[in-house]
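[1] Please work out how this folds:
(one chain, ligands or ions: 1)
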Amino acid sequence: MPAQATLSTMTFRPALRPGAPLLRRDATSLQIGTSPGVVIADRPGLYALLRLIDGSRDVERLQAYVRSSIPELDVTVADLMRELHALGVVFDASRWSGPRRRGLDAEARHVDLGGHDPARLSARPAFRLAFWSDTTSRPIVEAARAILAQSGVHDLDSTDPHLLVIASCGEPDRSLFERPTLDALDHLPVVIDEDRVRIGPLVRPGRTPCVSCHDLHRADWDHAWSALLPQFGRQPRALTPPALSAVAVHTAALELAVEILSYCDGRPVRSVGRFLVVGPEHHQRSSWPLAFHHGCACDLLSVA
Ligand SMILES: [Zn+2]
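    Purely as a prediction, here's the structure:
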């Protein structure tokens, strides 16, 4: 529930509960929403007022409108809004939109319903992202980009990104990670692994376990791994395409978008020090942790 304190400010712009219809229940009561909905006692002029509160007018403007056009309403707008706010029928739309949250209204309504401050979305408009992908992994990247754009992240091809996503079918060429590691650029590998998609680890160079840590752990029990490494990403594309359904592609894109948005918003990112795996079926998930490897040079970066 949003803080009551916002009600006392002049900027409070009441809006009905997001997505909830306003209905007349019977001769003496109204209902907002149907799941299960909130029933409130009707009074003269109330229906007309509730039809107006779409978040575009503050309490003062609504009161002025009531004085001129709904004189039968026998209670002040401020008192009424306080009551409806306590019932969860009315929200403060001034928390949603604003110059720094343009295009984020749907997100902000969602966050507000969860009791969080929509201000936590404020990093999204300025967030810079870049993608590297091969042909086969491109559908995952394209679907993730669409979700990100709808979530208020629009700078998806930055030359100076906060985060670089590296997507590939099969293990990626390890040289792709050299530049971001040297530049201390945070990066997130996405690997199509036959009939599933692996996301992670999200690497903050020098601060969280990296792809080389993974390779060294792997080489500890798979002695041929170091012989395979130089071959990654060098195969021609003529091999049989992966067995990924369209649904699994979109599920992986969804998980990827969730990771990126968590990173952008400063929330915990599941794929830091961890691999997330989607598939083969869209509802199937697994994950396993990745620790620093004592032989990896990446923890020297943190000392430097
Ligand atoms: Zn490492």
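[2] does the residue nearest the centre of the chain sit in a helix or strand, and which one?
    Centre of the chain computed as the mean C-alpha position; nearest residue by C-alpha atoms, centre = their mean is Leu261, 3.8 Å away. Here Leu261, judged by DSSP states H and E, is contained in helix 246-265.
[3] Give me the mean pLDDT for that helix.
    In this model, helix 246-265 has an average pLDDT of 97.
[4] just checking, next helix/strand downstream of it?
    Following helix 246-265 in sequence, per DSSP H and E, is strand 274-278.
[5] give me the low-pLDDT residue ranges for the stretch 51-200 of the chain?
    98-102 (pLDDT under 70).
[6] residue in it nearest to the ion?
    Thr181 (8.6 Å; C-beta to the ion). (Each C-beta comes from the backbone N, C-alpha and C, glycine too.)
[7] unless I'm mixing things up, that residue is touching Pro205, no?
    Yes. In this structure, Thr181 is within contact of Pro205 by C-beta atoms under 8 Å, at 5.0 Å.
[8] Alongside the ion, which residues does the stretch 101-250 of the chain contribute?
    Residues of the stretch 101-250 of the chain lying near the ion by C-beta under 5 Å from the ion: 210, 212-213.
[9] what number of residues lie near Leu50?
    20 (other C-beta atoms under 10 Å).
[10] State the distance from the closest residue to it other than its chain neighbours to Asp79.
    If the residues on either side of it in the chain are set aside, Leu50 comes closest to Leu22, at 5.4 Å by C-beta to C-beta, 6 or more residues apart in numbering. Per C-beta to C-beta, to the nearest Å, Leu22 is found 19 Å from Asp79.
[11] the more surrounded of these two?
    Per other C-beta under 10 Å, whichever of Leu22 and Asp79 has more neighbours is Leu22, with 15 against 9.
[12] ok, and the closest non-adjacent residue to Glu259?
    Nearest one to Glu259, counting by C-beta to C-beta, 6+ apart, is Ser271 at 5.2 Å.
[13] cool, and Pro230?
    Once flanking residues are discounted, Pro230 sits nearest to Arg174: 8.0 Å by C-beta to C-beta, 6+ apart.
[14] What of Arg234?
    Nearest one to Arg234, counting by C-beta to C-beta, 6+ apart, is Asp173 at 6.8 Å.
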